[in-house]
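1. sequence first, then the predicted structure:
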Amino acid sequence: MPFYTNGDVRIYYEEVGSGFPLLVTPGGGLNSVISGWPNQVFNAMEVFADDFRCITMDQRNAVGGQSSGPVQVEDPWGAFADDQLGLMDHLDIDEFFFMGYCIGGPFALKLIERAPERVAAAVFCQPVGHSSKTPDAMYDSGRDIWAPGLTAQRPDITMEVIEQYLHNLYRIQPDFMYSVSRDFARSCPTPVLVMPDDTPSHSYEAAMALAELAPKAEVTPYPWKESEPLFSQTINQVRDFLKAHQPG
């Protein structure tokens, strides 16, 4: 079974297809796991397997997954980026596309901030972000859904640590997309495609702010999920967007 290890971090991953690398992370908040792909709005590992070398991973400490490591309180978004970039290094991949569902939106922006020369383009599928109507949706999800499962598996992790971790993820920079500032988005050098959603966690407000701020941003129609013709058109838009930005 494929694992990447770096000190006390152990990351489980899978890959399928061939071509230019596409790292895709399923939704599920902090429980972003490979086994969750069947429950996503569409399974990128199946849809794009004929177009790209698709790579996916269990995120660190996701309940139900096989990846583990410290709960990095001081720099939680940076720790996820370290895991993702470390996996690409392990696979000898320098430049790649990134497509993040749900919590993968903040993942994408932190990756671009950390290594803009490595992310050729990024797709934000139903990204999470701050909503003025439901500002604590992600914090509450982490506390009520993720934390009980993790602490049951890891009795060394206290709720005090969990609460500080969630605070640093979602409340230190609560405006916008959590992992980076609006100023960074305004200077984002990477082409991005935004696929908005509108739920308490998938903030339409934050998604459209990104689409307006990022200088190389494109956006899909909204809503795009309810109509089969528009859904198929949107999937083709994603494919065309990525192929258009594939390095020569």
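-> Sure, I can see it.
2. center of this structure, which residue is that?
-> residue 104 (1.2 Å; Cα atoms, centre = their mean).
3. check contacts around that one.
-> Contacts for residue 104 (Cβ atoms under 8 Å, 6 or more residues apart in numbering) come out as 24-27, 32, 98, 124-125, 127. The C-beta positions use only the backbone N, C-alpha and C, and glycine is treated the same way.
4. do I have it right that residue 64 meets residue 29?
-> No: Residue 64 lies out of contact with residue 29 (Cβ atoms under 8 Å); the separation is 11.9 Å.
5. more neighbours, those two?
-> residue 29 (17 against 14; other Cβ atoms under 10 Å).
6. quick one: contacts for that one?
-> By Cβ under 8 Å, 6+ apart, residue 29 lies in contact with 102-103, 128, 138, 141-142, 145-146, 201.
7. which among the residues you listed count as buried?
-> Buried members of the contacts of residue 29, scored by 16 or more other Cβ atoms under 10 Å, are 102-103, 128, 138, 141-142, 146, 201.
8. and for the residue lying closest to residue 126 once chain neighbours are set aside, the neighbour number?
-> Leaving aside its chain neighbours, residue 126 sits nearest to residue 197 (3.7 Å; criterion: Cβ to Cβ, 6 or more residues apart in numbering). As a burial measure, residue 197 scores 22 neighbours (other Cβ under 10 Å).
9. tell me who's in contact with residue 197.
-> 126-127, 204, 207, 225.
10. out of those, the closest to residue 50 would be?
-> Comparing those against residue 50 with Cβ to Cβ places residue 225 closest, at 22.4 Å.
11. that closest one contacts residue 40, doesn't it?
-> No: Residue 225 lies out of contact with residue 40 (Cβ under 8 Å); the separation is 11.3 Å.
12. show me the helices in this structure, by range?
-> Here the chain has its helices, by DSSP state H, at 44-47, 76-90, 104-114, 137-141, 147-153, 159-170, 182-186, 204-213, 228-244.
13. and the shortest one, which residues are buried?
-> Within helix 44-47, the residues that qualify as buried are 44-45, counting by 16+ other Cβ under 10 Å.
14. what is that helix packed up against?
-> Secondary-structure packing of helix 44-47 (3 or more Cβ pairs under 8 Å, 6 or more residues apart in numbering; DSSP states H and E): strand 21-25, strand 53-57.
15. and of those strands, who's closest to residue 190?
-> Across the helices and strands packed on helix 44-47, residue 190 has its closest neighbour in strand 21-25 (13.6 Å, Cβ to Cβ).
16. hey, what's residue 56 bridged with?
-> residue 14 (DSSP bridges).
17. which residues touch it?
-> Each residue near residue 56 by Cβ under 8 Å, 6+ apart is listed here: 13-15, 23-26, 34, 37, 44-45.
18. quick revisit: what subset of the contacts of residue 197 is buried?
-> Those of the contacts of residue 197 that meet the buried threshold are 126-127, 204, 207, by 16+ other Cβ under 10 Å.
19. what stretches of this protein score poorly on pLDDT?
-> In the prediction, the chain carries no residues with pLDDT under 70.
20. CSV for the buried ones among the contacts of residue 29, including distance to residue 52?
-> Below are the buried ones among the contacts of residue 29 laid out as CSV (distance: Cβ to Cβ, whole Å):
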residue, distance to residue 52
102, 20
103, 21
128, 24
138, 29
141, 30
142, 31
146, 29
201, 27
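21. now flag whichever of these is closest to residue 89.
-> Closest approach between the buried ones among the contacts of residue 29 and residue 89, by Cβ to Cβ: residue 103, at 22.0 Å.
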